[in-house]
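> What follows is a predicted protein model with its sequence.
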Amino acid sequence: MSKCIYTLKNFDDASGEHILQNFLGARWTSKQISCDEIQHSFGNTIDTALEDGLKQFRVILGHRGGRGGAGPTLKNVSTTTGEKVHVFPGGRPNLAEPTVSIKPNTDGTYSVSAKLGMEKHLGWALNKLRLDHPNLKLEIDEEELKKSFKHEQDFSDGRIHLSMKMGGMDFFRGALKSCFNLLGAVNHQVALSNEFESLRDFILNSSGEIDNFARWMSHSDRLDLPSIGQFDHFIGLVGYGGVVSGVIQFYGEIAFPVRLTTTYSGKDFQCSYLVDSFRGHEPAEIRDASFRFDAIPIFTEQPKKPEQLVWGSYTRRFERILERWYARTDDINVREIVESILLPKDGEILDEVTLRELSQKLREYLTARISN
């Protein structure tokens with residue numbers, strides 16, 4: 001029989017509770033720390049809030065969950081040129097609706113061009129054309145038109161602006177749940193003590209102020225925390241001097257100082273959990289990564305509210321994530337361009353036409369990359 005670290009009730013059996021939420025690429029689970037009833041409640045509330053707050057980064061990066069599931073798609077995102085796009089995992093945009101343009105010719109006819117996100121958007125494009133230009137006589141055979149389709153990827157002229165929804169009561173309850181899960185997994189008896197009653201009440205019932213348990217970072221410097229890859233998640237906790245405090249960090253940058261209690265009376269301890277979100281390294285996660293005590297931000301010195309100084313700090317942290325993502329994406333895209341053109345020519349002497357095509361594709365990609 002086990003005892004739930006949240007309700008303090010005994011239970012016989014439970015599903016594996018992820019220490020850090022599955023959507024972040026983590027796999028460590030425990031069947032001893034929380035009952036199924038609480039797991040189900042968290043899954044429908046604070047876990048969802050944490051996922052929503054970090055969703056844009058997961059979609060841009062395109063990593064999978066701990067069980068291998070793909071991330072969500074951001075629907076109907078506006079671009080600076082007025083287009084609507086769906087943003088797929090990995091940051092790849094696709095037109096959410098067709099765009100149609102028309103221009104007159106000197107002979108009295110018109111030239112029409114359309115960009116479609118998918119072939120089935122053709123009827124939609126024709127309806128838009130009829131609605132926007134009701135006086136035009138359209139003599140169109142859709143089946144013949146489909147034969148003239150040119151299937152290719154193109155670069156958008158606009159930029160995508162994503163709106164972040166990070167923070168708030170349920171977001172931080174979800175983050176603190178991961179921290180308390182870690183403590184429960186490495187020292188179940190300590191987590192059951194009444195010294196964490198205020199934290200339990202906050203996570204379970206939203207009772208108390210956020211800034212008693214989680215705060216924002218006042219500076220943009222990277223924390224000197226252990227890492228595996230470029231976009232790691234890390235939880236580090238320290239019990240010392242009557243306080244249990246630490247930090248939770250997402251994607252190698254988005255850090256929040258945490259404090260679980262100020263009435264701790266047990267032995268000093270240190271515990272951590274480190275996860276490579278892409279799981280591209282071996283090991284992909286470390287359940288006791290050593291870290292320096294002074295790498296943890298001093299909780300009482302950090303801002304309580306996300307004021308202007310705070311958003312300057314997190315803006316720079318977001319920028320560093322995107323800089324690393326751009327570098328990773330450039331490497332992948334250039335490799336795909338090279339392989340798509342050169343692999344069919346494997347073992348052959350490269351002719352001028354092939355080299356010209358390779359040069360053009362690389363030039364087009366780099367031009368679009370620089371302009372955006």
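That came in fine, so what should we check first? Numbering: from 1, shown residues only.
> Number of residues surrounding the residue nearest to Arg324 when sequence neighbours are not counted?
Nearest non-adjacent residue to Arg324, counting by C-beta to C-beta, 6 or more residues apart in numbering: Gln230, 5.0 Å away. To be clear about C-beta, it is placed using only N, CA and C from the backbone, and glycine gets the same treatment. Neighbours of Gln230 under the rule other C-beta atoms under 10 Å: 19.
> and the residue lying closest to Gly239 once chain neighbours are set aside, what does it touch?
By the measure of C-beta to C-beta, 6+ apart, the closest residue to Gly239 outside its immediate chain neighbours is Phe269, 4.5 Å from it. If a contact means C-beta atoms under 8 Å, 6 or more residues apart in numbering, then Phe269 has 187, 190, 237-239 as its contacts.
> Figure out the helix or strand that the nearest residue to Gly62 once chain neighbours are set aside lives in.
Among residues not flanking Gly62 along the chain, Gly90 sits closest, at 3.1 Å (C-beta to C-beta, 6+ apart). Under the criterion DSSP states H and E, no helix or strand holds Gly90.
> gap between Gly90 and Asp170?
Counting by C-beta to C-beta, to the nearest Å, the gap from Gly90 to Asp170 is 27 Å.
> Next: Glu17.
Distance from Glu17 to Asp170, by C-beta to C-beta: 18 Å.
> Comparing the two, which shows the higher neighbour count?
Neighbour comparison, Glu17 and Asp170: the larger count goes to Glu17, with 24 against 17 (by other C-beta under 10 Å).
> quick one: the more buried one and Glu37 touch, right?
No - using C-beta atoms under 8 Å, Glu17 makes no contact with Glu37, being 11.7 Å away.
> now the helices: where do they sit in the stretch 151-300 of the chain?
Under the criterion DSSP state H, counting those that start in this stretch, the stretch 151-300 of the chain contains helices at 169-186, 188-192, 197-205.
> Just name the most buried of the ones you listed.
Mean neighbour count (mean count of other C-beta atoms under 10 Å) peaks for helix 169-186 among the helices of the stretch 151-300 of the chain, with a mean of 23.
> Please name every helix or strand in contact with it.
strand 29-30, helix 46-61, helix 188-192, helix 197-205, strand 232-240, strand 243-250, strand 254-261, strand 269-276 (3 or more C-beta pairs under 8 Å, 6 or more residues apart in numbering; DSSP states H and E).
> What would it look like as PDB? C-alpha coordinates only.
The C-alpha trace of helix 169-186 is given here as PDB (Å, rounded to 0.1, in the frame of the first residue of the first chain):
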ATOM      1  CA  MET A 169      -2.100  30.300 -11.000                       C
ATOM      2  CA  ASP A 170      -2.600  26.900 -12.800                       C
ATOM      3  CA  PHE A 171       0.600  27.200 -14.900                       C
ATOM      4  CA  PHE A 172       2.700  27.500 -11.700                       C
ATOM      5  CA  ARG A 173       0.600  24.900  -9.900                       C
ATOM      6  CA  GLY A 174       1.600  22.500 -12.700                       C
ATOM      7  CA  ALA A 175       5.200  23.400 -12.500                       C
ATOM      8  CA  LEU A 176       5.300  23.000  -8.700                       C
ATOM      9  CA  LYS A 177       3.500  19.700  -9.000                       C
ATOM     10  CA  SER A 178       6.500  18.500 -11.000                       C
ATOM     11  CA  CYS A 179       8.900  19.700  -8.300                       C
ATOM     12  CA  PHE A 180       6.900  18.000  -5.500                       C
ATOM     13  CA  ASN A 181       6.700  14.900  -7.600                       C
ATOM     14  CA  LEU A 182      10.500  14.800  -7.700                       C
ATOM     15  CA  LEU A 183      10.700  15.100  -4.000                       C
ATOM     16  CA  GLY A 184       8.100  12.400  -3.500                       C
ATOM     17  CA  ALA A 185      10.000  10.100  -5.900                       C
ATOM     18  CA  VAL A 186      13.400  10.400  -4.200                       C
END
